[in-house]
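Chemist: next one to model:
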Amino acid sequence: MHKQTAVWIDHSEARLFPISSPGKDRELVTVSLERHPHKHPRGPEGRKARPEDQKRFFKQVAASLGKRTHVLVVGPSTAKLAFLRFARAHDRGLERRIVGLETVDHPSNAQIVAFATRFFLRTEAQLANAREVEDDNAGRTEDFSTPHHNGEDRSPSI
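Modeler: Modelled structure (predicted):
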């Protein structure tokens with residue numbers, strides 16, 4: 001199982017890119033919105049899409065992700081935010097695993113993988129730095145009740 005995955009998503013298609021070690025094969029998974037061919041236009045704009053279409057599409061994308069640990073969601077429009085909202089409402093576990101939302105246009109598959117690899121390297125470096133700071137500060141607490149060395153009151157301001 002791949003630990004990190006990039007998802008390029010728009011309102012009709014999602015492409016999943018497992019980010020693996022260099023030199024390993026990447027398996028591309030594509031999920032497409034299945035539109036019923038006989039839907040008649042509704043409303044003033046004559047739209048043929050229905051809300052349940054999008055929900056079903058997002059469910060398929062979430063199912064394709066499985067239990068991947070870190071997920072980066074990228075795309076050209078608002079579909080990535082709608083997918084995050086879907087995850088918040090229907091799959092809290094997936095929502096916690098989404099580590100980033102980034103706007104990108106229509107890059108090639110190789111560009112998406114390169115972008116995601118750089119993103120995850122940056123993210124891992126930031127997490128490692130945060131852990132080091134946390135480890136350095138472990139067990140240390142500041143006493144705000146005593147005056148500072150120059151006589152200033154060190155009580156926290158609210």
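Chemist: can we go C-alpha only for contacts and neighbour counts from here?
Modeler: Fine.
Chemist: roughly how far does Glu132 sit from Leu94?
Modeler: The spacing between Glu132 and Leu94, counted by Cα to Cα, to the nearest Å, is 27 Å.
Chemist: the more surrounded of those two?
Modeler: Neighbours were counted for Glu132 and for Leu94 using other Cα atoms under 10 Å; Leu94 has more, 22 against 12.
Chemist: other SSEs contacting the lengthiest helix in the chain?
Modeler: Longest helix in the chain by number of residues (criterion: DSSP state H): helix 109-137. Under the contact definition 3 or more Cα pairs under 8 Å, 6 or more residues apart in numbering; DSSP states H and E, helix 109-137 sits against strand 4-9, strand 13-19.
Chemist: now with 7 Å?
Modeler: strand 13-19 (3 or more Cα pairs under 7 Å, 6 or more residues apart in numbering; DSSP states H and E).
Chemist: what comes up buried for the helix or strand just after the strand it packs on?
Modeler: Per DSSP states H and E, the first helix or strand lying C-terminal to strand 13-19 is strand 29-32. Buried residues in strand 29-32, counted by 16 or more other Cα atoms under 10 Å: Val31, Ser32.
Chemist: list the neighbouring strands of strand 29-32 plus their orientation.
Modeler: strand 13-19 (antiparallel) (DSSP bridges).
Chemist: need the next SSE after the helix or strand of the chain with the lowest mean pLDDT, C-terminal direction.
Modeler: When each helix and strand of the chain is scored by mean pLDDT, DSSP states H and E, strand 29-32 comes last, with a mean of 74. For strand 29-32, the following helix or strand on the C-terminal side (DSSP H and E) is helix 51-65.
Chemist: tilt between that following helix and strand 4-9?
Modeler: Angle between the axes of helix 51-65 and strand 4-9 is 160 degrees (criterion: axes from the mean of the first three to the mean of the last three Cα atoms, to 10 degrees).
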